[in-house]
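> I would like the atomic coordinates for the input below:
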Amino acid sequence: MRGVWTPLLACLALLAIEEGRPAAAEDLPVDVELVMAVDISWSMNEDEQAIQRQGYVAAWRSKEVLDAVRDGLNGRVAVTYVEWAGDLTQNVVIPWTLIHSQESAERFATLLATAEPDRQRRTSISAAIDFSAKLFEGNGYAGDRRVIDISGDGANNQGRPVLDARDAAVAQGIVINGLPLMTQGGAEDINAWGSMPDLDRYYSQCVIGGPGAFMIPVTEWRQFPDAIRRKLVLELAELTPHKPRKTARIVLTAGAPDKGSCLDGERQWRVPTDAGPAN
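Numbers count the residues shown, from 1 in each chain. A predicted model of the protein is given here:
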């Protein structure tokens, strides 16, 4: 992946990480440890990636998200931002950072706004979950909750079965929430190859898991800023989602998955097509 760390970025990152880091081996109590794991597969063009990145930046600069942080028992959270695509493509864009004030949230948002997005091939949700789950180990924080927030626009088509990764993470006490991006066009769209019309159902049955797990499907890019802001508020404040607005439809975990449908992405990849590149 392309290098994104300039000397200025490195200094800002160091400040963001060191401020509030617990001394010695004692982990710092926080309300939640949150991994934001964001899809950077080729199925999204550069404009769509920019909307996605700007949505996260705006969310961390919003009053609603900062209020959710401050309202917690400890009044602080630990967050990290990861980009992922195929089974060998995971990159920590911003390492674990303590957010407890407007200044620390702004530093995080500035780092995120400055880092250059990448684009890679294939979609391995399972590898993204496995990679994200390991990030909680020895990170210096002790969260009341550990959450992985997976956003993506396609089904798992590489790596081990997504159910195996999901169940392994949940067994460790990790909650996985989802942001399925159902924004691709029809057959005329070169990026639509590999898309799944019922990606929300797939995420509900195969990706999200753990107590209170939920997802917010996005069907139009204009919905994304509102969806990610609301999703972060729910995750940070541990609120039970109800009465969702039309622009951010919330779906809770949908019970036992159809294991066959959880392999639809792998089956789709194996089918020859002339429609264009896969995500």
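> And the helices in the stretch 151-279 of the chain, which stretches?
162-171, 199-202, 224-237, 264-270 (DSSP state H, counting those that start in this stretch).
> Now do the shortest one, average pLDDT.
This means helix 199-202. For helix 199-202, mean pLDDT rounds to 93.
> That helix: how far from the chain's middle?
Remark: helix 199-202 is offset 16 Å from the chain centroid, using CA atoms, centre = their mean, to the nearest Å.
> If you drop the residues flanking it in sequence, what lies closest to Val92?
Val82 (5.5 Å; CB to CB, 6 or more residues apart in numbering). Where you see a C-beta, it was placed from the backbone N, CA and C, and this is true even at glycine.
> That neighbour looks like it's in a strand, true?
Yes. Assessed with DSSP: H, G, I helix; E, B strand; the rest coil, Val82 lies in a strand.
> That one against Leu34, yeah?
No. Look at Val82 against Leu34 with CB atoms under 8 Å: they stay out of range, at 10.8 Å.
> Please name the bridge partners of the residue nearest to Val92.
Ala37, Val92 (DSSP bridges).
> how far away is it from Glu220?
Distance of Val82 to Glu220, given as CB to CB, to the nearest Å: 25 Å.
> Comparing the two, which residue is more hemmed in?
Val82 (22 against 11; other CB atoms under 10 Å).
> who's in contact with that one?
Neighbouring residues of Val82 by CB atoms under 8 Å, 6 or more residues apart in numbering: 35-38, 90-93, 128, 131-132, 135.
> Show me the one in these that has more neighbours than the rest.
Ala128 (31 neighbours).
> nearest residue to it other than its sequence neighbours?
Trp84 (4.0 Å).
> How many residues are close by the one you found?
Trp84, neighbours per other CB under 10 Å, totals 25.
> Stretch 49-58 - what's its average pLDDT?
The model assigns stretch 49-58 a mean pLDDT of 92.
> Next: stretch 31-40.
On average, stretch 31-40 scores 96.
> now do stretch 265-278
Stretch 265-278 comes out at a mean pLDDT of 58.
> go on, stretch 115-135?
On average, stretch 115-135 scores 90.
> Which stretches in the stretch 151-279 of the chain count as strands?
174-180, 214-215, 251-252 (DSSP state E, counting those that start in this stretch).
> So what does Ala59 have for phi and psi?
phi -60, psi -40 (degrees, to the nearest 10).
> Which residues are in contact with the nearest residue to it once chain neighbours are set aside?
Once flanking residues are discounted, Ala59 sits nearest to Arg229: 4.3 Å by CB to CB, 6+ apart. Shown in contact with Arg229 (CB under 8 Å, 6+ apart): 55, 58-59, 62, 64-65.
> how close does Arg229 get to Asp67?
11 Å.
> Same check on Gly209?
28 Å.
> Please identify which of the two sits among more neighbours.
Neighbours were counted for Gly209 and for Asp67 using other CB under 10 Å; Gly209 has more, 24 against 12.
> Which pLDDT value goes with that one?
Looking at Gly209, its pLDDT stands at 96.
> show me the contacts for it.
With the criterion set at CB under 8 Å, 6+ apart, Gly209 makes contact with 166-167, 169-170, 175-176, 253.
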